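# got a predicted structure plus its sequence, pasted below:
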Amino acid sequence: MNYREIEKLIEETGQKLKLKKNLIDAIKKPQKIIKVKFPVLMDDGKTRIFSGIRVQHNNARGPYKGGLRFHQHVSTDEVKILAVLMSLKTAVIDVPFGGGKGGVTVDPKTLSKSELKKLTKSFARSIYKEIGEHKDIPAPDVNTNPEIMKWFRQEYEKIIGKKAPGVITGKATNDGGIKVRDEATGLGGAAITLEVTKSLLKKKPQDTTVAIQGFGNVGSHLAHHLTHMGFKIVAIADVEGSVVHEDGLDFHSTLREIKKGQKVCKTCYCSVHGKSDDCGFVSAEKVLETKCDILIPAAVGEQINKNNASKIKAKIIIEMANHPVLKEAEKILEKNGVIIVPDILANAGGVLASFYEWQENVKGIKLPYKKAQSALIEKMRQALRSVEKIAKKAKITLREAAYMVAVSKIAAATEKANRS
């Protein structure tokens, strides 16, 4: 996906909503792109200069919100895309945030812990004027974690001379984070899966088969919650391959083996027969072609393309990864009657939990763990129902409907801000 594609989606949506061109243009473009270069004293005594970026897409509905990634291939175009997706996500689930994204061009595996800490603090110093509890609130992303968030916050608070726990989310629970945060994206995806099973498939979870590509933080929490909801998970994949069993996989036994260091593609526990020898083992790409009711790409993007779209056997695809279905594939899938729940809705549980954390840190509104889980599930269900209602009424896809919900909310907030 390139930025022009997402601009086109916003343009088309704006035209359907009969928005003025200048308003559509305002929503398409990031409000600010901050590029910085900052020094880090390395363990060998030499100073290296690193590049960082923060894209602030839109704050009409609230503070910019989005992750910080540390990766050797951080590009402006990619960060712009992720920032606008955050604006759309927060709008479609009705959270009072805007969208942002940022990162540092670095391979963190090449740094010692002390170098990583110094890099984080130096980056925080370089952008501290652009962020704040009511301005721009970063969070963990690729190769960043609660410890890195702690370092970032510590440096920010040192500079401004006061406590500001809400300047960052995704913190450890003993640093002001909340328990539901780790599972939030997977839990939100499970809530969406349960809802579409009822509303679109008209089936019970125990009669519904699911294949999941991706078994990291999102995929494993998703599988955990789907298992407890009663779904039959027939395939699980990670980057090295997948395990498939038509009778269903035993998630808990599989996870236990993975935690011991076993590979997914060499682990076979059936939910009916226990440890088994009759699983199928295929590649992570091939698992997308599994016979199932619901397919959930929860790994990296751009997995379903024109070459494999016609081989998809699922009735519904739930996009837990960002942009897993290419546009060329979407046309084929639509023709074949496959329904796609778009990423800006399906994987928005994470930012919803971030809102709960920020709300607790800044406004003192606390949600106990079980209540946070329930609130997240209900908010995701409400968002899906709103999108389904528009899709049905306008006879459009769920993606088109989700964009209509999001863009209309951003447009209304932008117009209101312009009048004030």
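Received the coordinates, thanks.
# show me where the stretch 251-400 of the chain has strands.
269-270, 274-275, 280-282, 294-297, 316-318, 339-341 (DSSP state E, counting those that start in this stretch).
# what pLDDT, on average, does the fifth one get?
This points to strand 316-318. The average of the pLDDT scores along strand 316-318 is 97.
# give me the contact list for that strand.
The contact list for strand 316-318, computed with CB atoms under 8 Å, 6 or more residues apart in numbering, reads 189, 192-193, 196, 200-201, 293-297, 304, 324-325, 333, 338-341, 346. Backbone N, C-alpha and C define where each C-beta goes, glycine included.
# filter the residues you listed down to the buried ones.
189, 192-193, 196, 200-201, 293-297, 304, 324-325, 333, 338-341, 346 (16 or more other CB atoms under 10 Å).
# thinking again about what came up before, redo the strands of the stretch 251-400 of the chain as JSON lines? Include distance to residue 185.
Shown next, in JSON lines, are those (distance: least, CB to CB, whole Å):
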{"stretch": "strand 269-270", "distance to residue 185": "25"}
{"stretch": "strand 274-275", "distance to residue 185": "30"}
{"stretch": "strand 280-282", "distance to residue 185": "25"}
{"stretch": "strand 294-297", "distance to residue 185": "12"}
{"stretch": "strand 316-318", "distance to residue 185": "12"}
{"stretch": "strand 339-341", "distance to residue 185": "14"}
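# of all the ones you listed, which one comes closest to residue 155?
With CB to CB as the measure, strand 294-297 is the member of the strands of the stretch 251-400 of the chain nearest residue 155 (36.3 Å).
# could I get the closest one in PDB with only the CA atoms?
Extracted C-alpha coordinates of strand 294-297, given in PDB (Å, rounded to 0.1, in the frame of the first residue of the first chain):
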ATOM      1  CA  ILE A 294     -13.200 -17.300   9.100                       C
ATOM      2  CA  LEU A 295      -9.700 -16.500   8.100                       C
ATOM      3  CA  ILE A 296      -7.700 -14.100  10.300                       C
ATOM      4  CA  PRO A 297      -4.400 -12.600   8.900                       C
END
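# who are the packing partners of that strand?
Strand 294-297 sits against helix 184-196, strand 209-213, strand 316-318, with contacts defined as 3 or more CB pairs under 8 Å, 6 or more residues apart in numbering; DSSP states H and E.
# can I get these in TSV including distance to residue 32?
Below are the helices and strands packed on strand 294-297 laid out as TSV (distance: least, CB to CB, whole Å):
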stretch	distance to residue 32
helix 184-196	27
strand 209-213	35
strand 316-318	33
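# indicate which one of the ones you listed is closest to residue 17.
Residue 17 lies closest to helix 184-196 among the helices and strands packed on strand 294-297, at 24.0 Å (CB to CB).
# on contacts alone, who are the packing partners of the closest one?
Using 3+ CB pairs under 8 Å, 6+ apart, helix 184-196 sits against helix 217-229, strand 294-297, strand 316-318, strand 339-341, helix 343-346, helix 349-363, helix 369-394.
# can you give me the buried ones in the first one?
Think helix 217-229. 217, 218, 219, 220, 221, 222, 223, 224, 225, 226, 227.
# for the third one, give me the pLDDT.
Translated: residue 219. For residue 219, pLDDT reads 93.
# now that it has come up, it's in contact with residue 297, right?
No - at 9.5 Å, residue 219 does not count as touching residue 297 under the criterion of CB atoms under 8 Å.
# how much space between residue 238 and residue 255?
As judged by CB to CB, to the nearest Å, residue 238 and residue 255 stand 12 Å apart.
# what of residue 390?
Residue 390 sits 37 Å away from residue 255, taking CB to CB as the criterion.
# how about residue 222?
According to CB to CB, residue 222 and residue 255 sit 12 Å apart.
# tell me the helices in this structure, going along the chain?
All helices of the chain, identified by DSSP state H, fall at 3-16, 21-28, 76-92, 113-127, 146-160, 184-196, 217-229, 251-259, 327-335, 343-346, 349-363, 369-394, 398-419.
# distance to residue 68 added to those helices, as a markdown table?
A markdown table is the format used below for those (distance: least, CB to CB, whole Å):
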| stretch | distance to residue 68 |
| --- | --- |
| helix 3-16 | 20 |
| helix 21-28 | 24 |
| helix 76-92 | 10 |
| helix 113-127 | 8 |
| helix 146-160 | 7 |
| helix 184-196 | 16 |
| helix 217-229 | 16 |
| helix 251-259 | 27 |
| helix 327-335 | 28 |
| helix 343-346 | 20 |
| helix 349-363 | 13 |
| helix 369-394 | 23 |
| helix 398-419 | 23 |
